[in-house]
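J.: Could you look at this predicted model? Sequence included:
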Amino acid sequence: MVSTSSPNHPSSYGPSETALLLLDFHNMFSGFIQEAAEREKLINSTQALLAAARESKTPILHCLIDASRDPLPTSKLADRWAEQYKPAFAGNPEFAVQMSDVAVDKDSKTEYSFNRLAGRVSALNSEGIMELLQEKLEIKSLVLCGFVSSGCVLSTARNGADEGFVITVVPDACWDRDMEVHNTVMDHVIPMTGHTMDLDEAVRVLRGNDVSK
């Protein structure tokens, strides 16, 4: 049974009111991970979340950056996009593709793909995503994983909390270039407005089980 002890805790919501968001699992970002064991941990953790969500029919949203569109000229990221990311994507289009290890199941009726304009850090700025979450699916709780902890993960977590979602981030299924920054985000920043959970707890939430057990 799902615990309903507190409306601000993820265990208060079953699979039909919860969504799993996979953030920026691009091949390019995967290539930034130098240690094979570190990459394997990230992939295995994310696959465990995916398996739990698919088993319980929890909605899964695959959120990526639209590599075909430039940021707005007012974006602070516009210069870095033009100098670094755009040439890389043009030189190797596979960089922009979602990692095959965690790719969307195109035959599933509970998995969705969203692309957002480069320079918009929060995945909740993807066109149509809020309408799906709030109006069509009536989601109350979001479970987040992906790249990078101090970027899209943090921005989406804060944005989601401001929009009234219960937010849960799974540190083992997130990554940042700087482990110290990753730890600071997970240990001190996210908990101000959301929850962090170890992998086993998050899997239980996605399956609709009481995490207190």
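T.: Cool, got the structure.

J.: What's the separation between T18 and M197?
T.: 12 Å (CB to CB, to the nearest Å). Using the backbone N, CA and C atoms, a C-beta is placed for each residue, glycine as well.

J.: Correct me if wrong: A123 contacts D66.
T.: No. The pair A123 / D66 is not scored as a contact, 11.8 Å apart, by CB atoms under 8 Å.

J.: Now do the shared contacts for these two.
T.: Counting by CB atoms under 8 Å, 6 or more residues apart in numbering, the contacts common to A123 and D66 are R116.

J.: The two: which has the busier surroundings?
T.: The residue with more neighbours, out of A123 and D66, is A123; 29 against 15, by other CB atoms under 10 Å.

J.: how much space between G208 and T58?
T.: The span separating G208 from T58 equals 8 Å under the rule CB to CB.

J.: These two: which is more packed in?
T.: More neighbours surround T58 than the other of G208 and T58, with 25 against 20 (other CB under 10 Å).

J.: what helix or strand is the more buried one on?
T.: In the assignment (DSSP states H and E), T58 maps to no helix and no strand.

J.: Mind jotting down where the helices sit in the chain?
T.: In the chain, the segments counted as helices under DSSP state H are 27-31, 36-56, 78-80, 86-91, 129-130, 154-162, 179-184, 199-207.

J.: pLDDT of the fifth one, averaged?
T.: Regarding helix 129-130, the rounded mean pLDDT is 99.

J.: How about residues contacting that helix?
T.: So helix 129-130 is contacted by L61, C63, F114, A123, L124, E163 (CB under 8 Å, 6+ apart).

J.: From those residues, pick the one nearest I139.
T.: L61 (9.3 Å; CB to CB).

J.: Determine the number of other residues adjacent to that closest one.
T.: L61 has 24 nearby residues by other CB under 10 Å.

J.: gap between it and S5?
T.: For L61, the distance to S5 - CB to CB - is 27 Å.

J.: With E83 instead?
T.: For E83, the distance to S5 - CB to CB - is 50 Å.

J.: quick one, which of T18 and M197 is more surrounded?
T.: Taking other CB under 10 Å, T18 and M197 do not tie; T18 has more neighbours (27 against 20).

J.: Which strands border the lengthiest strand in the chain, and is each parallel or antiparallel?
T.: Using DSSP state E, we find that the single longest strand of the chain is strand 166-175. Sheet pairing of strand 166-175 (DSSP bridges) gives strand 141-147 (parallel), strand 195-196 (parallel).
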